[in-house]
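Colleague: Pasting a predicted model and its sequence here:
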Amino acid sequence: MKDSSLYGISLCQAKAYPQNCTFYTDLMPHKNPLFCHVHLVSDSTGETLIAVCRAVSSQFKHVRVLEHIHPLIRNKGQIDQVIASVDRSPGLVLYTLVDEELVEALQSACEELSIPCQSILSPVMQMFGSYLGLEATAQAGAQHSLNNEYFKRIDALNYTMIHDDGQLNHELDSADIILLGISRTSKTPTSIYLANRGFKTANIPLVPNIPPPVHLSQLKKPLIVGLIASPDRISQVRQNRILGLGMKDNGSYADKRQIAGEVNEAKRLFNKYKWPIIDVTRKSIEETAAAIISLYNNHETDF
C-alpha cells in the first residue's frame with residue numbers, strides 16, 4: 001500500500017477500505033483511485049453534511065471518499081468517541097454542531113492531530129446574522145422540528161405511497177403532481193422524492209393497449225408530467241430487472257423496437273393533451289424532480 005499524508009489528510013491507494021465507514025464512490029470507476037477519510041459530525045441526522053460532502057467530493061475525479069458518519073452527537077462522551085475515530089482514521093473533519101463546548105473539544109483535538117476541521121453551517125449563519133442583525137438560536141436539529149412543513153411532508157408521503165403505480169385513480173384530483181410514463185422511467189422514485197419535498201404525487205404507468213384513466217384530461221389542479229427515456233436506456237434497465245427478479249421475458253418487454261413504439265405512443269399522448277415532457281435518460285432523480293418543481297411553480301401561478 002502506498003501511503004502519504006498532507007496536513008493530516010490520509011490519501012492512499014488501496015484495494016480495501018475500513019468496515020466501519022460508508023464507501024462513497026463516483027459513477028466513473030478508476031483503476032487506482034485515491035481514498036480519503038472524511039468524518040461527518042452532526043448533532044442531528046447528518047443529512048446536510050452528507051449532501052455537502054458528496055457534492056464537493058464529486059468534483060474530484062478518481063478520489064473515493066470513505067465517509068465516517070457520526071450523527072446525533074450531543075454530549076462530551078459522544079464527542080470523545082468521535083475524536084478517537086478521527087485519531088484511528090485521520091482525514092478531513094466536517095461538522096454541524098451548535099454546542100460551543102462540543103465544537104471547542106472537536107476543534108482542539110483536530111488541531112493537536114494536525115487535521116483540518118471545518119464547520120459547514122457557521123459561515124452561513126454568520127452571514128445571515130450579520131445581514132438580519134439577529135443571533136441564531138443554536139438549536140440542534142432545528143430543521144427537523146415537528147412543524148407544519150414536517151406534517152405536510154408526512155401527508156404527502158402517505159398520499160404518494162397509496163397512489164403509486166396507478167392505484168386509487170379516482171382520487172387523482174387531490175394530487176399536486178401526476179407522473180405518467182411507460183415502465184422503467186423512474187416514476188416511483190421520483191414520486192417519493194417529490195413527496196419528501198411536500199408534494200402529493202401520484203404516478204400512472206402507461207401499458208401497451210391499455211388506455212390511461214379517461215378523466216386525466218379533465219383534471220385542472222394537478223400538474224401532469226410525462227416521463228420518457230431512450231429505448232436503449234429503458235431496455236438496459238428492464239433487462240436488469242428481469243435478471244434481478246428471475247422473471248421470464250416473452251421477448252417484447254426489453255426489446256428496443258417494442259420500447260421505441262411505447263415511447264412514441266407515450267409522446268403522442270403527452271402532446272395531445274399538451275402535458276410537459278421530461279427526458280430522464282441522463283437525469284438523476286434529483287434533477288428530474290427539480291425540473292418538475294419548476295414546472296409546478298409556474299403551473300400553480302397560472303392556476
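Modeller: Perfect, I can see it now.

Colleague: in the chain, which spans are helices?
Modeller: 47-57, 76-88, 100-112, 122-132, 148-162, 187-196, 231-245, 256-272, 285-302 (DSSP state H).

Colleague: Kindly state which of those is positioned closest to Asn209.
Modeller: Asn209 sits nearest to helix 256-272 of all the helices of the chain, at 9.7 Å, using C-beta to C-beta. Every residue, glycine included, has its C-beta placed from N, CA and C.

Colleague: tilt between the closest one and helix 231-245?
Modeller: 120 degrees (axes from the mean of the first three to the mean of the last three C-alpha atoms, to 10 degrees).

Colleague: for helix 256-272, the distance to its chain's centre please.
Modeller: 28 Å (C-alpha atoms, centre = their mean, to the nearest Å).

Colleague: Export stretch 235-252 to CSV, keeping only CA atoms.
Modeller: Taking Å, rounded to 0.1, in the frame of the first residue of the first chain, the C-alpha atoms of stretch 235-252 are listed here in CSV:
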residue,chain,number,x,y,z
SER,A,235,-34.1,-1.7,-22.4
GLN,A,236,-31.0,-1.9,-20.2
VAL,A,237,-33.0,-1.2,-17.0
ARG,A,238,-35.7,-3.7,-18.0
GLN,A,239,-33.1,-6.4,-18.7
ASN,A,240,-31.5,-5.8,-15.3
ARG,A,241,-35.0,-6.0,-13.7
ILE,A,242,-35.7,-9.3,-15.5
LEU,A,243,-32.4,-10.8,-14.2
GLY,A,244,-32.7,-9.4,-10.7
LEU,A,245,-36.2,-10.8,-10.2
GLY,A,246,-35.6,-14.0,-12.1
MET,A,247,-38.5,-13.2,-14.4
LYS,A,248,-39.3,-14.8,-17.7
ASP,A,249,-39.4,-12.4,-20.7
ASN,A,250,-41.6,-13.1,-23.6
GLY,A,251,-39.1,-11.2,-25.8
SER,A,252,-41.0,-7.9,-26.0
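
Colleague: count of neighbours near Glu246?
Modeller: Just to correct that, residue 246 is Gly rather than Glu. The number of residues packed near Gly246 is 6, by other C-beta atoms under 10 Å.

Colleague: From Pro123, how far out is the nearest residue to Glu135 once chain neighbours are set aside?
Modeller: Using C-beta to C-beta, 6 or more residues apart in numbering and skipping residues adjacent in sequence, the residue nearest Glu135 is Gly129, 5.9 Å away. To Pro123, Gly129 is 11 Å away according to C-beta to C-beta, to the nearest Å.

Colleague: which residues pair with Leu40 across the strands?
Modeller: Ile69, Leu94 (DSSP bridges).

Colleague: Quick one: residues contacting it.
Modeller: 46, 49-50, 53, 67-70, 94-95 (C-beta atoms under 8 Å, 6 or more residues apart in numbering).

Colleague: looking at those, which has the most residues close by?
Modeller: Tyr95 (27 neighbours).

Colleague: How many residues are close by the residue nearest to Glu135?
Modeller: Count around Gly129 with other C-beta under 10 Å applied: 12.

Colleague: before we move on, what about Cys110?
Modeller: 22.

Colleague: what sits against it?
Modeller: Taking C-beta under 8 Å, 6+ apart, one finds 8, 86, 93, 116-117 in contact with Cys110.

Colleague: repeat for Met161
Modeller: 192, 195.

Colleague: returning to that earlier point: Throw the helices of the chain into TSV and include mean pLDDT, thanks.
Modeller: Shown next, in TSV, are those (pLDDT from 0 to 100):
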stretch	mean pLDDT
helix 47-57	92
helix 76-88	97
helix 100-112	96
helix 122-132	88
helix 148-162	92
helix 187-196	97
helix 231-245	91
helix 256-272	97
helix 285-302	90
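
Colleague: how about those, which one is nearest Pro222?
Modeller: Across the helices of the chain, closest to Pro222 is helix 285-302 (C-beta to C-beta), at 8.7 Å.

Colleague: Thanks a lot, catch you later.
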